[in-house]
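K.L.:
build the 3D model from these lines:
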Amino acid sequence: MAETETLRNEEANCLLVSCHPLRDSLCHHLVARVEAGLKVNGVAYEHLDLYRQGFEAPLSADERGSYFEDFDDSGVAAEIAQLKRAETVILVFPTWWFGMPALLKGWFDRVWAPDVAFVHVAATGSISPILDNLKHCLAITTLASPWKVDRLLLRQPIKRVLKGGILKGCAPQATLEMLSLYGVNLLDERRLEAFRGRIDGAVARIR
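P.N.:
Modelled structure (predicted):
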């Protein structure tokens, strides 16, 4: 069952998903900044910390075997319910080898499932989006590499996957905002404070 934190007793319409194994990490510092902004703005939210919950990334044999028939969602029913409630999804995670951490990728694999986020059209092998509740996705990530490598050489692979693959296939009506903090191994307080300001602005626009 998902371990979450919910603001007040209101029905949550924002899902914060965080993914980092170290409690004293920069990512958890940024998660705290996001939560503070949500609370100041009175946004009801749920927080799913994938490591703290002990979320399992791999599809089980039963899940994979039933994937395009009658998906066995018994292992992720709580996480699916969270996703279906969310109008906004906020992701906070490190970029490792220019990709998502395994747990976050596993969350997409297991939770953004058939008849949850999309319908599989067997005759053509295509999918049709059905995640109609989702309106916005805010992705906040940290990278050790400089911006030139991610943006110029690799052309922002995570952003392209989120926007052109996942959201386009499951929730094309949803907008994507991505905030990337580069060169974190050489991070100074000035750059960190500027990035915190960008987070504050992005969170303030969530309603």
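K.L.:
from now on I want contacts and neighbour counts done on CA atoms only, so please keep to that.
P.N.:
Fine.
K.L.:
any regions of this structure where pLDDT drops low?
P.N.:
For the chain, residues meeting the criterion pLDDT under 70 lie at 1-12.
K.L.:
name the SS class of the residue nearest in space to the middle of it, please.
P.N.:
Nearest to the mean C-alpha position of the chain, by C-alpha atoms, centre = their mean, lies residue 91 at 3.3 Å. Under the three-state scheme (DSSP: H, G, I helix; E, B strand; the rest coil), residue 91 adopts strand.
K.L.:
now do residue 167 against residue 134, distance only.
P.N.:
9 Å (C-alpha to C-alpha, to the nearest Å).
K.L.:
joint contacts of those two?
P.N.:
Taking C-alpha atoms under 8 Å, 6 or more residues apart in numbering as the contact rule, residue 167 and residue 134 both touch residue 174.
K.L.:
wait, is residue 15 part of a strand?
P.N.:
Yes: remark: residue 15 belongs to a strand, assigned using three-state DSSP.
K.L.:
give the contact list for the residue nearest to the centre of the chain.
P.N.:
By C-alpha under 8 Å, 6+ apart, the contact set of residue 91 is 16, 17, 18, 137, 138, 139, 140, 141.
K.L.:
tell me how far the residue lying farthest from the centre of the chain lies from residue 207.
P.N.:
Farthest-out residue of the chain from its mean C-alpha position, per C-alpha atoms, centre = their mean: residue 123, at 30.6 Å. Using C-alpha to C-alpha, residue 123 is found at 40 Å from residue 207.
K.L.:
ok, residue 137 next?
P.N.:
12 Å.
K.L.:
residue ranges of the strands in the chain, please?
P.N.:
With DSSP state E as the criterion, the chain has strands at 14-18, 45-49, 88-94, 118-121, 126-129, 136-142, 175-181.
K.L.:
of all these, which one comes closest to residue 69?
P.N.:
strand 118-121 (9.1 Å; C-alpha to C-alpha).
K.L.:
from the contact counts, what lies against that closest one?
P.N.:
strand 126-129 (3 or more C-alpha pairs under 8 Å, 6 or more residues apart in numbering; DSSP states H and E).
K.L.:
flag every buried residue along the strand it packs on.
P.N.:
128, 129 (16 or more other C-alpha atoms under 10 Å).
K.L.:
put the alpha carbons of that strand into CSV.
P.N.:
Output of strand 126-129 as CSV, limited to C-alpha atoms (Å, rounded to 0.1, in the frame of the first residue of the first chain):
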residue,chain,number,x,y,z
SER,A,126,-1.0,1.5,-31.3
ILE,A,127,-2.3,3.1,-28.1
SER,A,128,-5.0,5.7,-27.3
PRO,A,129,-4.6,8.1,-24.4
